[in-house]
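# With the input below, show me the fold.
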Amino acid sequence: MLQTLREQKLYAQFSKCEFWLEFVAFLRHVVLGKGIKAYPKKIEAVQSWPRPTLVAEIMSFLGLEGYCCRFVQGYSSIAAPLNRLTQKGVSFHWFDDCEASFQKLKTAWTTIPVLVFPSSLGMYTVYCDNSR
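Here you go, the predicted model:
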């Protein structure tokens with residue numbers, strides 16, 4: 001890291017530097033030596049989120065959830081009932097599938113994995129979570 005700074009002719013003030021940290025909070029993520037995990041305050045915000053009663057509240061929730069879509073496998077499928085309610089011309093009716101989607105997304109936050117950095121020691125299979 002210090003070599004890269006030197007090569008780019010950037011200089012750090014030693015009194016503001018921290019070394020040998022186990023993790024760093026950066027851009028609302030927690031960066032660990034082994035990967036990236038979600039920011040704890042975001043997790044708390046989602047877990048305490050009340051059931052939406054307006055389209056604007058669903059959009060706010062999905063906006064916050066959009067932050068975590070990379071951490072939740074099958075996010076677009078899970079969020080589909082809520083996304084449907086935000087479409088123009090669709091009346092707001094909170095059905096069981098909406099409640100299940102809302103609760104499943106909130107629960108997914110409690111079990112968010114750490115996204116690990118890829119290793120150069122092998123082959124990878126890439127799975128794509130495409131929205132329909």
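# lowest-pLDDT helix or strand in this structure?
Counting by mean pLDDT, DSSP states H and E, the chain has its least confident helix or strand at strand 115-116, which shows a mean of 64.
# so the spatially closest residue to Pro40 that is not a sequence neighbour, which of the three states?
With C-beta to C-beta, 6 or more residues apart in numbering as the criterion, Pro40 has its nearest non-adjacent residue at 7.3 Å, and that residue is Val30. (Each C-beta comes from the backbone N, C-alpha and C, glycine too.) Reduced to three states with DSSP: H, G, I helix; E, B strand; the rest coil, the structure at Val30 is strand.
# If you average the pLDDT over stretch 124-132, what comes out?
Stretch 124-132 comes out with an average pLDDT of 68.
# how is this structure carved up into domains?
In the assignment given by automatic domain parsing, the structural domains of the chain cover 2-32, 39-114.
# As a markdown table, the ones you listed with mean neighbour count and distance to Thr125 would be great.
What follows is those, written out as a markdown table (neighbours: other C-beta atoms under 10 Å; distance: least, C-beta to C-beta, whole Å):
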| stretch | mean neighbour count | distance to Thr125 |
| --- | --- | --- |
| domain 2-32 | 9 | 24 |
| domain 39-114 | 14 | 14 |
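# Mind telling me which of the ones you listed the model trusts least?
For the domains of the chain, the weakest mean pLDDT is recorded on domain 2-32, namely a mean of 79.
# how long is that one end to end?
Using C-alpha to C-alpha, to the nearest Å, the span of domain 2-32 from its first residue to its last is 18 Å.
# which residues in the protein form helices?
If DSSP state H is used as the criterion, the helices of the chain fall at 2-7, 40-47, 55-68, 75-85, 96-110.
# So what touches the first one?
Under the criterion C-beta atoms under 8 Å, 6 or more residues apart in numbering, residues Tyr11, Ala12 lie in contact with helix 2-7.
# show me the contacts for the residue nearest to Pro40.
Phe23, Val24, Ile36, Lys37, Ala38, Tyr39, Pro40.
# Ala25 reaches Tyr39, doesn't it?
Yes: counting by C-beta atoms under 8 Å, Tyr39 is a contact partner of Ala25 at 6.9 Å.
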